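[1] structure for the following, please:
(one chain, ligands or ions: 1)
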Amino acid sequence: MKGQKPTQPSRRKFIVQAPIGAAALAAGITGAGATAAPPPQPTPTPTLPPLPYPPAALAPYISENTLSFHYGKHHQTYLNNMVKMITGTPSEKLPLEQIIRAAAGKPDQAGLFNNAAQVYNHTFFWNSMKPGGGGEPQGKIAAMLTDSFGGYGKFVEVFSNAALTQFGSGWAWLVLEDGKLKVIKTSNADTPITMGLKPLITIDVWEHAYYLDYQNRRADYIKAFIEKLLNWSFAEKNLAG
Ligand code: FE
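    Numbering: from 1, shown residues only. Okay, the predicted model is just below:
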């Protein structure tokens with residue numbers, strides 16, 4: 001991961017960067033009777049958008065070990081699963097957000113929703129952090145925190161509480177709703193983009209996000225996220241976007 005340029009995730013890229021090879025592979029191995037069927041090729045691994053920083057860059061608050069597993073195994077698996085489910089279907093060509101919105105609330109598409117939303121949520125989470133981040137923001141966001149919560153201190157209290165009290169797996173989010181900032185929490189893969197809300201920042205509170213570094217001390221992980229990692233410039237960008 002070293003030497004990667006910090007890049008903003010293009011949602012379109014999720015699909016563009018995910019070579020869909022299962023259909024071609026199937027065509028190659030089901031050609032019984034064909035005289036010159038090509039040998040089966042290994043299914044290519046779909047590609048995630050790169051992390052916006054090297055995997056050791058958030059240490060000691062999030063270790064390289066945690067980030068490597070979280071991105072390379074958890075996030076990658078969600079993408080692999082999603083790609084398997086959409087290969088050969090009309091969804092194959094859709095942008096990620098459209099796949100998520102189309103599958104939301106449909107029991108027969110729960111698997112696709114969960115995996116696609118987790119691909120989106122994790123990319124959003126990587127960008128919600130940066131080395132040397134955290135602390136009180138300046139400018140427009142600071143004014144909006146005051147307007148919506150009564151100040152930065154109050155925001156910290158509300159956001160920490162949401163992240164801490166999300167029972168089981170899920171996420172806490174800072175979102176924009178009708179011109180005001182708001183904190184919400186979501187369970188499992190649920191994501192504010194299906195709720196008419198614009199996400200600005202998120203923290204992953206699934207245990208896999210912090211257990212190697214903090215064991216059961218979720219509160220310490222949340223505190224480190226807010227004080228040392230939170231990427232307010234990403235929130236500003238989302239606000240403007
Ligand atoms: Fe996660």
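[2] what about residue 238, distance to residue 95?
    Counting by CB to CB, to the nearest Å, the gap from residue 238 to residue 95 is 17 Å. C-betas here are computed from N, CA, C, even on glycine.
[3] what about those two, which has more around it?
    residue 238 (18 against 15; other CB atoms under 10 Å).
[4] the helix or strand where that one lies: how far from the chain's middle?
    Assigned by DSSP states H and E, residue 238 belongs to helix 232-240. For helix 232-240, the separation from the chain centroid amounts to 16 Å (computed by CA atoms, centre = their mean, to the nearest Å).
[5] likewise for stretch 65-75?
    Worked out by CA atoms, centre = their mean, stretch 65-75 lies 12 Å from the chain centre.
[6] same question for stretch 199-213.
    Stretch 199-213 sits 10 Å away from the centroid of its parent chain (CA atoms, centre = their mean).
[7] quick one: is it near the ion?
    Yes - applying CB under 5 Å from the ion, one finds stretch 199-213 touching the ion at 204, 206, 209.
[8] which of those residues tops the neighbour count?
    residue 204 (26 neighbours).
[9] hang on, that residue packs against residue 163?
    No - here residue 204 lies out of contact with residue 163, judged by CB atoms under 8 Å, at a distance of 9.3 Å.
[10] lowest average confidence across helices and strands of the protein, where is it?
    In the chain, the helix or strand scored least confidently by mean pLDDT, DSSP states H and E is helix 22-29, which has a mean of 26.
[11] coming back round to it: can you list the residues of stretch 199-213 next to the ion in TSV and add pLDDT and secondary structure?
    Converted to TSV, the residues of stretch 199-213 next to the ion look like this (pLDDT from 0 to 100; DSSP: H, G, I helix; E, B strand; the rest coil):
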residue	pLDDT	secondary structure
204	98	strand
206	97	coil
209	97	helix
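[12] and those, which is closest to residue 101?
    Nearest to residue 101 out of the residues of stretch 199-213 next to the ion is residue 204 (CB to CB; 21.0 Å).
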